[in-house]
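predicted model, plus sequence, below.
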Amino acid sequence: MLMRSFTKREKIILLILVLFLLVGFYFLVIHYPVTTRLEEIESEKLMVEDQTNLAITKGQVYVKMKNELNEIFALPFDKITVMPAFDNQTQLLYNYQTIFADLSPDLRLGDVKFEGGIAVRTVSFTVTVPDFAAAKDFVKKLTGTGFRCLLTNITVAPEEGNLETDAIRLSGNIVFYELVGEES
């Protein structure tokens, strides 16, 4: 058997070797896994903070939209409009027949233009109504179809000379908006 005693130099070398092995073992088993896990935790923390900020932003947008909807639903029922699904031309023509009944209008449907997810349909009209009260009623019916629309221009002129008592000629453009790609 080996019962030889180590020299002082050999003992120092063995001690240094054991120290290197302990330091290597510490770095391999403790230091690197802990630092790696801390980096993972930090990146997860940043990701959670980003998700929290996004959720807060979405919540703020939701509250804003909810308030806008509450304002809309607080309006009288006849003031609320909807944006129907494209192609709503049949329903619009039915509404025109009701609005323009017995007036012999000159209607010109423009081409449909697409702006993003919205179809824009322009209708030009010229019609003669008996008096100013009928003109007001006509414009109210025209813009009160319940569909999202914008009366872009209107010309009101008397057929003869007096705006209050004579027949009135109305002409203008109204733009109707429709959602593209939505199911009705």
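That came in fine, so what should we check first?

hey, which helix is longest across the chain?
Criterion DSSP state H: the longest helix present in the chain is helix 32-74.

remind me what the helix or strand that comes right after that helix packs against, helices and strands.
Later in the chain than helix 32-74, the nearest helix or strand by DSSP states H and E is helix 89-99. Secondary-structure packing of helix 89-99 (3 or more C-beta pairs under 8 Å, 6 or more residues apart in numbering; DSSP states H and E): strand 118-129, helix 132-143. C-beta here means a position set from N, CA and C on the backbone, and glycine is covered the same way.

out of the ones you listed, deepest packed?
By mean neighbour count, with neighbours taken as mean count of other C-beta atoms under 10 Å, strand 118-129 ranks first of those at a mean of 18.

how far off centre is that strand?
The chain centroid and the centroid of strand 118-129 are separated by 27 Å, computed with C-alpha atoms, centre = their mean, to the nearest Å.

just checking: what are the partner strands of the helix or strand where residue 108 lies?
Here residue 108, judged by DSSP H and E, is contained in strand 106-115. According to DSSP bridges, strand 106-115 forms sheet pairs with strand 118-129 (antiparallel).

got the CA coordinates for the partner strand in CSV?
Extracted in CSV, the C-alpha atoms of strand 118-129 (Å, rounded to 0.1, in the frame of the first residue of the first chain):
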residue,chain,number,x,y,z
ILE,A,118,-65.5,51.1,-45.7
ALA,A,119,-67.5,51.5,-49.0
VAL,A,120,-68.5,55.0,-49.8
ARG,A,121,-71.6,55.4,-52.0
THR,A,122,-72.5,58.9,-53.3
VAL,A,123,-76.0,59.7,-54.5
SER,A,124,-76.7,62.9,-56.3
PHE,A,125,-80.3,64.1,-56.3
THR,A,126,-82.5,66.9,-57.8
VAL,A,127,-86.1,67.2,-56.7
THR,A,128,-88.9,69.8,-56.5
VAL,A,129,-91.0,70.1,-53.4
